[in-house]
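Novice: attaching a predicted model along with its sequence, questions to come.
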Amino acid sequence: VDALKQLNGVIDSFENKEESDQKNDQNESESGDVDLLRLVSMVCMVPKSKLKNKNIIKRRVKSYQDKSTLSHWPTEYSVLHCPSNVEKNLIEEADALTKSLIGM
């Protein structure tokens with residue numbers, strides 16, 4: 001429940017930023033340059049009780065550390081991309097929301 005409250009807070013801050021960005025878009029320069037870059041990430045969640053293979057959470061933690069992207073199926077483990085030559089995430093430094101999204 002706390003993780004969902006945090007997630008709602010993140011969504012609210014994005015919505016506020018979007019409103020601000022829309023105002024900035026109206027003030028776009030005559031050259032047509034726009035300083036706006038949008039990034040979208042899908043999050044699909046199910047209760048942990050739906051996991052048949054409890055080892056998936058350990059693998060998801062490793063994917064977080066490796067900065068890998070996974071499919072949107074939360075009950076399966078399917079790596080879509082694993083970048084090379086990037087600094088790893090430290091799970092010890094992840095906040096509660098991030099850990100809950102991983103499944104910890």
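Specialist: Looks like it came in fine. Numbering: from 1, shown residues only.

Novice: switch to C-alpha atoms for all contacts and neighbour counts from now on
Specialist: Will do.

Novice: tell me the contacts of the closest residue to residue 70 other than its chain neighbours?
Specialist: Distances taken as C-alpha to C-alpha, 6 or more residues apart in numbering place residue 79 nearest to residue 70, at 4.4 Å, with adjacent residues excluded. Going by C-alpha atoms under 8 Å, 6 or more residues apart in numbering, residue 79 touches 63, 68, 69, 70, 71.

Novice: distance of residue 79 from residue 51?
Specialist: 17 Å (C-alpha to C-alpha, to the nearest Å).

Novice: residue 102 now?
Specialist: Distance of residue 102 to residue 51, given as C-alpha to C-alpha: 13 Å.

Novice: what do you get for residue 72?
Specialist: With C-alpha to C-alpha as the criterion, residue 72 and residue 51 are 14 Å apart.

Novice: just residue 97 next, same as before
Specialist: 20 Å.

Novice: do residue 71 as well
Specialist: Taking C-alpha to C-alpha, one finds residue 71 at 15 Å from residue 51.

Novice: now do residue 74
Specialist: For residue 74 relative to residue 51 (C-alpha to C-alpha), the value is 8 Å.

Novice: the two: which is more packed in?
Specialist: residue 74 (22 against 14; other C-alpha atoms under 10 Å).

Novice: please look at that one and residue 47 and confirm they touch.
Specialist: No. Assessed by C-alpha atoms under 8 Å, residue 74 is found out of contact with residue 47, at 9.3 Å.

Novice: low-scoring stretches of this structure, by residue?
Specialist: Within the chain, the segments meeting pLDDT under 70 span 1-34, 36.

Novice: all helices of it, in order?
Specialist: Assigned helices in the chain, in chain order: 2-26, 55-66, 96-102 (criterion: DSSP state H).

Novice: run a quick neighbour tally on residue 95.
Specialist: What residue 95 shows, counting by other C-alpha under 10 Å, is a neighbour count of 9.

Novice: no, scratch that, I was asking about residue 64
Specialist: So residue 64, with other C-alpha under 10 Å, has 20 neighbours.

Novice: my guess is it contacts residue 89. True?
Specialist: Yes. Contact criterion C-alpha under 8 Å: residue 64 and residue 89 qualify, at 6.6 Å.
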